[in-house]
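**Q** Sharing a model prediction with you, sequence too.
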Amino acid sequence: MRKVIVVGLDGLEPKIVEPMLEAGALPNLASVRGRGGYARLQTTFPPQTPVAWSTFATGTNPGGHGIFDFIARDPTTYFPTLALHHYEQKNAFLPPHAVNGRRGTPLWELLSNAGIPSTVLRHPLTFPPDNIRGQMLGGVGVPDLRGGLGTSTFYTSAENVPAQDGESVVPVRIDGNDSIATRLIGPRNPAARSDLQLNVTLRLDRSAQKILLRSDGHPQELEIRQGQWSDWLKVKFRASPLVSVRGMLRFYLIRLAPVFELYASPINFDPDAPLYPLSAPPEYAKELAAKLGTFSTLGMAEEDGGLKNRRLSEEAFLAQCADVLRERERMMLYALERQRDGFFYCLFDTPDRLQHLFWRFREPDHPANRQDVTPEMTRVIEDHYRHLDALVGKAMQFVDEQTLFIILSDHGMNSFQRGLNLNTWLHENGLLALQNRIEPGEGAGDFFRAVDWSRTRAYALGLGSLYLNLRGREAQGIVDASEAATVQAAIVKGLTGLRDPARGKIAVRRVVTRDQVYRGAYAQESPDLLVNFAEGYRVSWGTPLGGVPAGLFEDNTKKWGGDHAIDPDLVPGVLFMDHPFQNSGPSMIDLAPTILSALGVPKGPAMEGAALTA
Amino acid sequence: MKILIIGWESARAEPWRDADAERLTHLRWLMEIGCYGRFENSSEPASVLAQTIGDQLANSGKRVRVIGAALAHDGNLDEMVQPSREHFAEARHLLQTADWDCGVLLERAPTALSEIDIATREPSANALRGYDERFDLQLSELLALGNDTAIVIVASGDAQSSFILAAPHSPLHGEIEGAQPLDLAPTLLELEGESVPESMPGKSLSAGRGSISTEETGYTDEEETLVRERLAGLGYI
């Protein structure tokens, strides 16, 4: 083969794809299947986007690339940390620089070494981007200007509105001239323990149902119409006389009256002048912006937080998703036109985010449906799949006899109706202790604030990760290496088959230890145990950041009503190839060898799978 | 503590203060953590200024090594646009050996650069831009080696000159006005905690400022805020 084209569709679910294929609703995917084949694709332990795509890239189990969960922890402080990347400073003379959390050898590095070019668009864990032959644009993991995965701002004239997850709330006052003087919240300045800000003025035009935003940014006057996403506003925050940071954001005017409500997106790095390189070569992001118009650079570009926090409506969220898809489509076609040979990859993240938030409409009894009356949106997911099928058709135009065409998802999607408080279970079973007289509940706080480490043998954080409080590894570890296996066995025994009394259903299918599923250079960084949930269950909202809420089980009433952080056997991905392949039980670890083999390059020494094509 | 002095004849008095100098991230970072300023009444080129500082320190007993004394800038364009690669390599090597106290690295931007564009081979200011960026990059490789080192960069052009000074625990921050080239040697000695010989001309810029110790902070609400911020926007939590 001369060329391999891979289109990634994050979170595409076989149980939705298969009936649609049979019904003829996905003609392009059906045509790929007809020429080659289709199979369910075994995903990773755990089935999470950063973990599974890192396995795609490196061809190893997570022990070979070091990504085990979105969230890891610092054993010296027990603080949860973002596993995707971190910042290092070599010494005081050098500014901090971002370091990718994914290690191992990605397939594009092997291709580069063999002289074969790659174009990699928005692959997760490509921040900072790898310096490859060809070009790369960073995906999941690229931060916003505040250094996180996306902090939005909610402006409201209502009083005492508490901020929700990943947002800032700015109260505003409308003056006599129907104007509002307020500010944009820029990067955090840890030294000054404050936020950089930019003053803006909003002029309300009630009859035209819009506002004009005036600022020092570009454009100086931005029109924001009610019920529509604005254009990008480019801004500059000055951190000191010498350092400034450029970014850009969009607005959505929710309503002017009776309460004024305006939503501002996270501030994206401007592809024209990012603080850290977003692409390799660094000018590539700039080239794309110049040729195609500017675009969201944030790793998780969809405004799922706004919908999850019930600030944005379903319609507003979908409109922004449509913009992200359009940007990505243009980018994909632009790059495909220029790719004569080698490896091409482009990821569409939107199906994942969209399914998380619209899954509840498939389940009339979903606890999230109790809280508000929303229009019936049962067809949104299927409509989206049809749209993605059309995108596959557009990419197919670049496929010739010398091309291997692959469409795949990293995991599927499932129901999330009930949450399990893992730390509370550990507390009930004498494995996690709280400081004197504190009981599980809000008083126990997040970040293990009230945990008594001198009496704690295990703790949970992330999306199903469990760690032992190991002596010599954790700062206040009490479990000796010799008793680690005993504690692990007790947890496996106690949690496996755990029943949700209210529903009479099994919530935990199985618990695996690290030795059972991980090996390789970074296996020792992994959680000690992984909890694999049954359909309908997931870790509760309080667990990922180290909370110990009251009670074992709780209803999930958030709009985020679908999830895939469960037993990987329940959420395989999909795999389509336009050449016949060995389709009995293909796994994510087989993709890198398959792609390398198609391009005539031997697989890397650490790669565990095998080429699927003959 | 070692001392590294870079004399940079960059054809501009303050290359790090150009309109688009924000891209010179390592130079800017040194300015952030240290101090900087223009020299008053000095028309000498940076190589002379840097060597003078080295001489002053040698007179007070320091072992001084000079790198790049023979400045050459002939050759083809690709070579010219590189700051003197061998000199930087030599400086990196020296920084890792211990038989010296003060290194003086001399660097001169080829004058032809301001007249030729790399891409088009046409006269333009872009070549100088590319040269600056490479200088910044080479500097970063050098800085990566120097933990316990005081860094001084002196630049000159148009009969004017300026400096950046950054050192561990230095109390000197921000723009310093009224500095003289001769003030740097006594400043460096004082930063090292040594006495300044009476005979040494110039006066320390840090006179009376003391030194700053690094603050250690434990578990704070601020840290928790930062952790939350890093994870913000992850829909799963």
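**A** Yep, that arrived. Numbering: from 1, shown residues only, chains lettered A, B, ... in the order given.

**Q** Which strands and helices lie in contact with the helix or strand harbouring B:Q138?
**A** Using DSSP states H and E, B:Q138 falls within helix B:126-143. For helix B:126-143, the packing partners by 3 or more Cβ pairs under 8 Å, 6 or more residues apart in numbering or on different chains; DSSP states H and E come out as strand B:2-9, helix B:25-33, helix B:85-95. Heads up, the C-betas are built off the backbone N, CA and C, glycines and all.

**Q** Could you provide these in a markdown table, with additional columns for mean pLDDT?
**A** Listed next are these as a markdown table, based on pLDDT from 0 to 100:
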| stretch | mean pLDDT |
| --- | --- |
| strand B:2-9 | 92 |
| helix B:25-33 | 90 |
| helix B:85-95 | 86 |
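
**Q** so which of the ones you listed gets nearest A:I211?
**A** A:I211 lies closest to helix B:25-33 among the helices and strands packed on helix B:126-143, at 36.5 Å (Cβ to Cβ).

**Q** Parallel or antiparallel, list what pairs with the helix or strand following that closest one.
**A** Moving toward the C-terminus from helix B:25-33, the next helix or strand (DSSP H and E) is strand B:35-38. Here strand B:35-38 has these sheet partners by DSSP bridges: strand B:160-166 (antiparallel), strand B:174-175 (parallel).

**Q** For strand B:35-38, give me every contacting residue.
**A** Identification of contacts with strand B:35-38 by Cβ atoms under 8 Å, 6 or more residues apart in numbering or on different chains yields B:13-14, B:16, B:160-166, B:170, B:172-179, B:205.

**Q** All the helices of chain A, residue numbers only.
**A** A:14-22, A:27-35, A:49-58, A:107-113, A:283-292, A:304-308, A:314-337, A:350-358, A:368-371, A:380-396, A:422-428, A:481-495, A:514-517, A:591-598 (DSSP state H).

**Q** Packed most tightly, which of those helices would that be?
**A** Of all these, helix A:49-58 has the most neighbours on average by mean count of other Cβ atoms under 10 Å in any protein chain shown, namely a mean of 28.

**Q** and that helix, how far from the chain's centre?
**A** 12 Å (Cα atoms, centre = their mean, to the nearest Å).

**Q** same check, this time on stretch A:408-417
**A** Counting by Cα atoms, centre = their mean, stretch A:408-417 comes out at 13 Å from the chain centroid.

**Q** Spatially, what comes nearest to the residue in the stretch 101-250 of chain A that chain B sits nearest to if we skip its sequence neighbours?
**A** Residue of the stretch 101-250 of chain A nearest chain B, by Cβ to the nearest Cβ: A:G150 (3.0 Å). In this structure, A:G150 finds its nearest non-sequential neighbour in B:G233, 3.0 Å apart by Cβ to Cβ, 6 or more residues apart in numbering or on different chains.

**Q** Doesn't the one you found belong to a strand?
**A** No: B:G233: not assigned to a strand; according to DSSP: H, G, I helix; E, B strand; the rest coil it is coil.

**Q** burial count for it?
**A** 25 (other Cβ atoms under 10 Å in any protein chain shown).

**Q** can you check A:D175 too?
**A** Neighbours around A:D175, by other Cβ under 10 Å: 10.

**Q** Low-confidence stretches in chain B?
**A** Counting by pLDDT under 70, chain B shows low-confidence ranges at B:70-81, B:98, B:111-127, B:208-220.

**Q** Which positions in it make contact with chain A?
**A** Within chain B, the residues that sit near chain A (Cβ under 8 Å from any Cβ of the partner chain) are B:22, B:25-26, B:28-33, B:140, B:143-144, B:146-147, B:149, B:151, B:166, B:168, B:219, B:222-224, B:226-237.

**Q** Can you name the residues that contact residue 83?
**A** I went with chain A, as the question did not name one. Counting by Cβ under 8 Å, 6+ apart, A:A83 has contacts A:50, A:67-72, A:101.

**Q** Hmm, no, I was thinking of chain B.
**A** B:107, B:109, B:131, B:134-135, B:138.

**Q** A:N28 now?
**A** With Cβ under 8 Å, 6+ apart, A:N28 has these contacts: A:389-390, A:392-393, A:396.

**Q** So which residue is dead centre in chain B?
**A** Most central in chain B under Cα atoms, centre = their mean is B:I153, positioned 3.1 Å from the mean C-alpha point.

**Q** wait, that one sits on B:W8?
**A** Yes: contact status for B:I153 versus B:W8: in contact at 6.1 Å, counting by Cβ atoms under 8 Å.

**Q** Identify, out of the strands paired with strand B:35-38, the most deeply packed stretch.
**A** strand B:160-166 (a mean of 24).

**Q** Give me the contact list for that one.
**A** A:92-93, B:13-14, B:16-17, B:27, B:30-31, B:33-39, B:42-46, B:49, B:150-156, B:172, B:179, B:181, B:184, B:187, B:205.

**Q** Just the buried ones from those residues?
**A** Buried residues within these, counting neighbours by 16 or more other Cβ atoms under 10 Å in any protein chain shown: A:92-93, B:13-14, B:16-17, B:27, B:30-31, B:33-39, B:42, B:45-46, B:49, B:150-156, B:172, B:179, B:181, B:184, B:187, B:205.
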